[in-house]
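**Student:** how would this look folded up:
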Amino acid sequence: MNNEKDHSLIMQTHTKIFTSPLYLTSGRILEPYQIIYETYGKLNSDNSNAILITHALTGSHHCAGKYQNEAKAGWWDSMVGNNKYIDTNKYFVICANVIGSCYGSTSPISPTYGSFGDNDFYRLKFPVITIQDMVKANKILLNSLGITRLHAVIGGSMGGMQALSFAILYPKSANMFISISASYISNPQIILINKVMREIIMLDSDFKGGNYEISSTSLPRFKGLQVARMLGFSQYLSLSTLHNKFSRRYVPTDGYFELFGRFEVEKYLDYNGANFSTYFDPLCYLYLIRALSMYDASLGFTGLEHALSEIQSPLHLIAFNGDNMFPISEMEHIKEQMDTLGLACSLEIIQSDYGHDSFLVEVNKYGDYIRELLG
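**Tutor:** Just a heads-up that it's a prediction; the model follows:
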């Protein structure tokens, strides 16, 4: 499937359907399944200039460029493109939507195999997936494209977890692996917040226990999903950023002594929560935050050292000192383990007080470093 896109960038969207079963970590299978992905630039004659971008929790395959009539560019447009840090004049970039997400890859809102009615969707019958399952699906996609050796795998946040697991599970699949704003395991704070978000979504009467109407045209404005997303923002922005963006400013049109009057930060949460519910699906959100909570890079191994010992190409870690979701101590632990094993690993700590979302909004602080690693 090729669409009309921004002419300044060679950008194509594709859907790949796989009829062979995808064997999941849980022991269950997906059969058949599909992956939607986007490519940028041109693949060279020996397939050696390909870079895989792995996306974060609510990201998608659309990481750069603009669709026709699209107001906002892809989520990493400041990083990926012609003459940008990941230069699509030089590299062939692939970004695939993970299984379980709502942007076109097989997920809880996909029809089940052999279904005939409009309501025959997986819903809560969809199997629990892990980040390792996402990685496996991406590797199968790459194999189908004839790409056996990438120049790099690069991702941030949940995408950084995928990059790390790629290095462990498929150590010969890339010349280097770059994991940004991530960790080797989800800490208890992430599990706690994800638990509360799950309960909020499940309590929403419009959610109907997962049996709401699934439509390709519109979704109900799930209040539970909106509030869950508001809570999620507590992980993404630092206190310093909240002070700088909002301080204690009050919405001028709201009365200060009105019970439901709002501070500017509350107005921001109202807007972002409501907006999120217009494009993201609550069932998919439940499955993805479950995968995030479950993440452990040593899953299937006797421990982290055993898992990391599989890595054969340089592992590059990038952390932000203001990241409250994945503290730099977790990246430092990976580096210490890699050093103990005598394996190639670097750790670059970026000075930032923005918070976890630094990897998205402060690309200028580390983009040149990415360019150097790739170069």
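
**Student:** surely T340 is within a helix?
**Tutor:** Yes: counting by DSSP: H, G, I helix; E, B strand; the rest coil, T340 falls inside a helix.

**Student:** close enough to count as contact, it and L308?
**Tutor:** No: the pair T340 / L308 is not scored as a contact, 9.0 Å apart, by CB atoms under 8 Å. (Each C-beta comes from the backbone N, C-alpha and C, glycine too.)

**Student:** between the two, which has more neighbouring residues?
**Tutor:** A count of neighbours by other CB atoms under 10 Å puts L308 above the other of T340 and L308, at 23 against 11.

**Student:** quick check: mean pLDDT of stretch 19-30?
**Tutor:** Average pLDDT, stretch 19-30: 96.

**Student:** how about it: buried residues?
**Tutor:** By neighbour count on 16 or more other CB atoms under 10 Å, the buried set for stretch 19-30 is L22, L24, T25, L30.

**Student:** swap in stretch 140-152?
**Tutor:** Applying 16+ other CB under 10 Å to stretch 140-152 flags L141, L142, L145, I147, L150, H151, A152 as buried.

**Student:** and if you look at stretch 203-222?
**Tutor:** Buried, per 16+ other CB under 10 Å, within stretch 203-222: D204, F207, G210, Y212, I214, L219, F222.

**Student:** torsion angles phi and psi at the residue of the chain most remote from its centre?
**Tutor:** Note on the chain: the largest C-alpha distance from the chain mean falls to F257, namely 40.6 Å (CA atoms, centre = their mean). The phi and psi torsions at F257 (degrees, to the nearest 10) take the values phi -100, psi 20.

**Student:** other residues contacting stretch 211-230?
**Tutor:** Contacts to stretch 211-230, defined as CB atoms under 8 Å, 6 or more residues apart in numbering, come from residues 109, 119, 121, 123, 196-198, 200-204, 206-207, 269-270, 272-274, 276-278, 280-282, 285.

**Student:** buried subset of the residues you listed?
**Tutor:** 109, 121, 123, 197-198, 200-201, 204, 207, 269, 273, 276-277, 280-282, 285.

**Student:** so what sits opposite F177 in the bridge?
**Tutor:** Listed by DSSP bridges, the beta-bridge partners for F177 are V153, L315.

**Student:** now do the end-to-end distance for stretch 149-163.
**Tutor:** 14 Å (CA to CA, to the nearest Å).

**Student:** C-terminal to the helix or strand of the chain with the lowest mean pLDDT, what's the next element?
**Tutor:** Within the chain, no helix or strand scores below helix 239-245, which has a mean of 92 by mean pLDDT, DSSP states H and E. With elements assigned by DSSP states H and E, the helix or strand that comes after helix 239-245 is helix 264-276.

**Student:** now that following helix: mean pLDDT?
**Tutor:** Across helix 264-276, pLDDT averages out at 95.

**Student:** packing partners for it?
**Tutor:** Judged by 3 or more CB pairs under 8 Å, 6 or more residues apart in numbering; DSSP states H and E, the packing partners of helix 264-276 are helix 223-236, helix 239-245.

**Student:** just these: most buried one?
**Tutor:** helix 223-236 (a mean of 20; mean count of other CB atoms under 10 Å).

**Student:** now the angle between helix 264-276 and that helix, please.
**Tutor:** Relative orientation of helix 223-236 with respect to helix 264-276: 120 degrees, computed using axes from the mean of the first three to the mean of the last three CA atoms, to 10 degrees.

**Student:** what inclination does the longest helix seen in the chain have with respect to helix 223-236?
**Tutor:** With secondary structure taken from DSSP state H, the chain has its longest helix at helix 188-203. Going by the same axes, to 10 degrees, helix 188-203 is angled at 170 degrees with respect to helix 223-236.

**Student:** mind giving me the packing neighbours of helix 188-203?
**Tutor:** Using 3+ CB pairs under 8 Å, 6+ apart: helix 188-203 touches helix 223-236, helix 282-294.

**Student:** the domain parsing of the chain - what is it?
**Tutor:** Using the TED database, the domain parsing of the chain gives 11-185+297-374, 190-289.

**Student:** deepest of these, which one?
**Tutor:** domain 11-185+297-374 (a mean of 19).

**Student:** could you check how far that one is from the centre of its chain?
**Tutor:** Relative to its chain's centre, domain 11-185+297-374 lies at 7 Å (CA atoms, centre = their mean, to the nearest Å).
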